[in-house]
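[1] I'd like to go over a predicted model; first the sequence, then the structure.
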Amino acid sequence: MIYYTILFYVFAVLAVATAFYVVFAKNVIHSAFALFGTLFAVAGLFVLLNADFIAITQIMVYVGGILVLMIFGVMLTTKIADIDIHTKNLNRIPAILFSTGITVILIFILFTTKWNIKPQVQNQETVSQIGKLMLTTYLLPFEIASIVLLVALVGSAMYARKTK
Amino acid sequence: MEEFLKSIIGDNIITYIIMPIPALIFVSLFALYAVLAERKVSAWISNRIGPNRAGGKMGLLQTILDGIKLVQKEFVSPVRSDRFLFKAAPFIIFTAAFMGYAVIPFSSLYIGVDLNLGLFYFFSITSLGVIGMLMAGWASNNKYSLFGGIRSVAQIISYEIPTALAALVVVMLAGTLSMQAFCVAQDGGIFNWFIFGGPGGLSKIILIPFMITACVILFLSTLAETNRTPFDIPEADSELVAGVHLEYSGMQFAMFFFAEYAQMFAVAGVIATLFLGGWQSPFGDLVPFLNSPVMQIIWFLAKGFFLVFVQIWMRWTLPRVRVDQLMTICWKFLIPISFVNIFVVALYIIFFK
């Protein structure tokens, strides 16, 4: 099991390091690529928790998301047009206060919550169980989510359409 | 093979490191000879001879010598390019293409890892390559490369949808996502393959036209995902010079081709698994020898190579589609037809299964 511990720390360090890079990189494109590294490392952590379906969904969803983000980055920072937009730090003092506050609250929660630690379970099939739950117990949230997505799709198609 | 390795080494991580090595060797050899096959087939299609100097009449040493030439070449990167991203991009593209091989079932005894989410994993991993394409396009600091990268993003995001919808039909019939289970479900001869509706009674005749349509849709949309003609607008040489690999030289340039051919066989393998029986022999269990694990490798490779041949054939026969035609084909034809397929197959499952 030592290998899994090593893998856990590899993914954890990767996630934290790339997340720092996302924040501190001067270039938007570099941030976007580093964000992809963060999300990929988090998917690795999900795999180590036996949540294979969530891990793969994370990759599938965020690859598309990151790509769109990068396209915006490309449009804003293209070197060809020589418009130089860099990420800058603004309003430092409120930002420091706000993030310190959130950190304190998170650390407080981390140490005061009573965590339920389950013994490690064998890797079992998750996808069919998720499918059954979605169509029985959680049918209403599932349908609401699909209707919301459909409305978003129709709305974006309407906006993208050429007006005659 | 996994059981065998576990019995020697034990159930630890070394087993899982050794497992993909045969696939890596296969991919390297395949890429070398697929380049040669592409050149030979294109030559025959356009009534030329093709490479015939190095290694006999068939030019068998041609790509190896080309590889040696490319290794010797100097690595040139453009001024004001983003050095790190420029160097990293080809490797990300190849890694993404190779990661798909983890779930390609070469035989009932050899698969990298038999995930119970195999197909879902494959589709999510192959779309990773486009990040490398955009990275290469942006880092090259060249407007043609950038256009290539952006086009490839638009193309892959659109064509992921018909790919998933066409494959969903088989997932519904087989009731699984594991690649080995797809192969097992098509046991018993050529008429039990999913392109002919899978195993079932006489009523499955209704399904045959819809399954063939689904297979064609999957083939077309994976063709677009691997950036092959007629959907190769990311590298359209008449408009964008060469798209994302315009600025690359030497081995970095070769990596793009390794990735492209690796991906070609990967998607061919997935289509073979979903619709053409995977490693099943077309004679079923009539001749037990033909369905032994070693013969299964040969059947699987034969189906994969045939689909790769069709990809090459289409590349040298059809002209490239325009960007707007590409989107029309995807959103107005492939996706609605896939929905009809899913609807009919769902009705069939309700009434006849």
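    Received the coordinates, thanks. Numbering: from 1, shown residues only, chains lettered A, B, ... in the order given.

[2] Leaving out chain neighbours, which residue sits closest to the residue in the stretch 201-350 of chain B positioned nearest to chain A?
    Nearest residue of the stretch 201-350 of chain B to chain A, counting by Cβ to the nearest Cβ: B:Trp331, 9.9 Å away. Where you see a C-beta, it was placed from the backbone N, CA and C, and this is true even at glycine. Using Cβ to Cβ, 6 or more residues apart in numbering or on different chains and skipping the chain neighbours, the partner closest in space to B:Trp331 is B:Ser158 (6.9 Å).

[3] Contact partners for that neighbour?
    B:Leu326, B:Met327, B:Cys330, B:Trp331 (Cβ atoms under 8 Å, 6 or more residues apart in numbering or on different chains).

[4] I'd like the distance between the residue nearest the centre of chain A and B:Leu128.
    Residue closest to the average C-alpha location in chain A (Cα atoms, centre = their mean): A:Leu39, at 5.3 Å. Going from A:Leu39 to B:Leu128 by Cβ to Cβ, to the nearest Å gives 11 Å.

[5] residues bridging contact with those two, i.e. touching both?
    Joint contacts of A:Leu39 and B:Leu128 (Cβ under 8 Å, 6+ apart) are A:Ile59.

[6] so the residue nearest to the centre of chain A makes contact with A:Val61?
    No. With contact defined as Cβ atoms under 8 Å, A:Leu39 does not reach A:Val61; the gap is 9.0 Å.

[7] Spell out which parts of chain B neighbour chain A.
    Counting by Cβ under 8 Å from any Cβ of the partner chain, the residues of chain B close to chain A are B:12-13, B:80, B:82, B:85, B:115-117, B:120-121, B:123-125, B:127-128, B:130-131, B:134-135, B:138, B:141, B:143, B:146, B:149-150, B:153, B:157, B:160, B:177.

[8] 7 Å instead?
    B:12-13, B:80, B:85, B:116-117, B:120-121, B:124, B:127-128, B:130-131, B:134-135, B:138, B:141, B:143, B:146, B:150, B:153, B:157, B:177 (Cβ under 7 Å from any Cβ of the partner chain).

[9] B:Phe147: which element?
    helix B:143-174 (DSSP states H and E).

[10] Okay, now the unreliable bits of the stretch 51-200 of chain B?
    Scanning the stretch 51-200 of chain B for pLDDT under 70 picks out nothing.

[11] would you list every one of the strands in it?
    Here the stretch 51-200 of chain B has no strands by DSSP state E, counting those that start in this stretch.

[12] The residue in it positioned nearest to chain A: neighbour count?
    Proximity of the stretch 51-200 of chain B to chain A (Cβ to the nearest Cβ) peaks at B:Ser124, 3.7 Å away. When counting by other Cβ atoms under 10 Å in any protein chain shown, one arrives at 25 neighbours for B:Ser124.

[13] same check, this time on B:Glu235
    25.

[14] ok, which stretches of the stretch 51-200 of chain B are helices?
    Secondary structure of the stretch 51-200 of chain B (DSSP state H, counting those that start in this stretch): helices located at B:62-72, B:83-99, B:118-126, B:129-139, B:143-174, B:179-185.

[15] if we look at the second one, which residues are touching it?
    Okay, so that is helix B:83-99. A:33, B:24, B:27, B:77, B:125-126, B:128-129, B:131-133, B:135-136, B:139-140, B:248, B:252, B:255-256, B:258-259, B:262-263, B:266 (Cβ atoms under 7 Å, 6 or more residues apart in numbering or on different chains).

[16] switch to 8 Å and redo it
    Contacts of helix B:83-99 (Cβ under 8 Å, 6+ apart): A:29-30, A:33, B:23-24, B:27, B:77-78, B:125-126, B:128-129, B:131-133, B:135-136, B:138-140, B:244, B:247-248, B:252-253, B:255-256, B:258-260, B:262-263, B:266.

[17] Restrict those to the buried ones and give me that as a ChimeraX selection.
    Burial among the contacts of helix B:83-99 is assessed by 16 or more other Cβ atoms under 10 Å in any protein chain shown; the matching ChimeraX selection reads:
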select /A:29,30,33 /B:23,27,77,78,125,126,128,129,131,132,133,135,136,138,139,140,244,247,248,252,253,255,256,258,259,260,262,263,266
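
[18] you'd agree B:Pro51 is up against B:Gln62?
    Yes. Counting by Cβ under 8 Å, B:Gln62 is a contact partner of B:Pro51 at 4.1 Å.

[19] what's the overlap in contacts for these two?
    B:Leu36, B:Arg39.

[20] between the contacts of B:Ser158, which is closest to A:Val13?
    B:Cys330 (40.2 Å; Cβ to Cβ).

[21] Touching, the closest one and B:Ile157? I think so.
    No. Counting by Cβ under 8 Å, B:Ile157 is not a contact partner of B:Cys330; they are 10.0 Å apart.

[22] what's the average pLDDT for stretch B:291-298?
    Here stretch B:291-298 scores 81 as its mean pLDDT.

[23] how about that stretch: buried residues?
    So stretch B:291-298, judged by 16+ other Cβ under 10 Å, has buried residues B:Asn291, B:Met295, B:Gln296, B:Ile297.

[24] can you list the residues that contact that stretch?
    Taking Cβ under 8 Å, 6+ apart as the rule, stretch B:291-298 contacts B:Phe106, B:Ser107, B:Ser108, B:Leu109, B:Tyr110, B:Trp279, B:Gln280, B:Ser281, B:Phe283, B:Gly284, B:Asp285, B:Phe289.

[25] how much space is there between B:Pro282 and B:Gly189?
    Going from B:Pro282 to B:Gly189 by Cβ to Cβ gives 7 Å.

[26] same question, B:Ala224
    32 Å.

[27] more neighbours, those two?
    Just comparing B:Ala224 and B:Gly189: by other Cβ under 10 Å the higher neighbour count belongs to B:Ala224, 26 against 17.

[28] Let me know whether that one touches B:Phe231 as I believe.
    Yes. Using Cβ under 8 Å, B:Ala224 is in contact with B:Phe231, at 3.8 Å.

[29] Need the overlap of contacts for the two.
    B:Gln155, B:Tyr159, B:Leu326.

[30] could you dump the residues you listed to JSON lines with neighbour count?
    Output for the shared contacts of B:Ala224 and B:Phe231, formatted as JSON lines (neighbours: other Cβ atoms under 10 Å in any protein chain shown):
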{"residue": "B:Gln155", "neighbour count": "23"}
{"residue": "B:Tyr159", "neighbour count": "25"}
{"residue": "B:Leu326", "neighbour count": "21"}
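
[31] Please produce TSV containing the residues you listed, extended by distance to B:Phe352.
    TSV is the format used below for those (distance: Cβ to Cβ, whole Å):
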residue	distance to B:Phe352
B:Gln155	37
B:Tyr159	31
B:Leu326	37
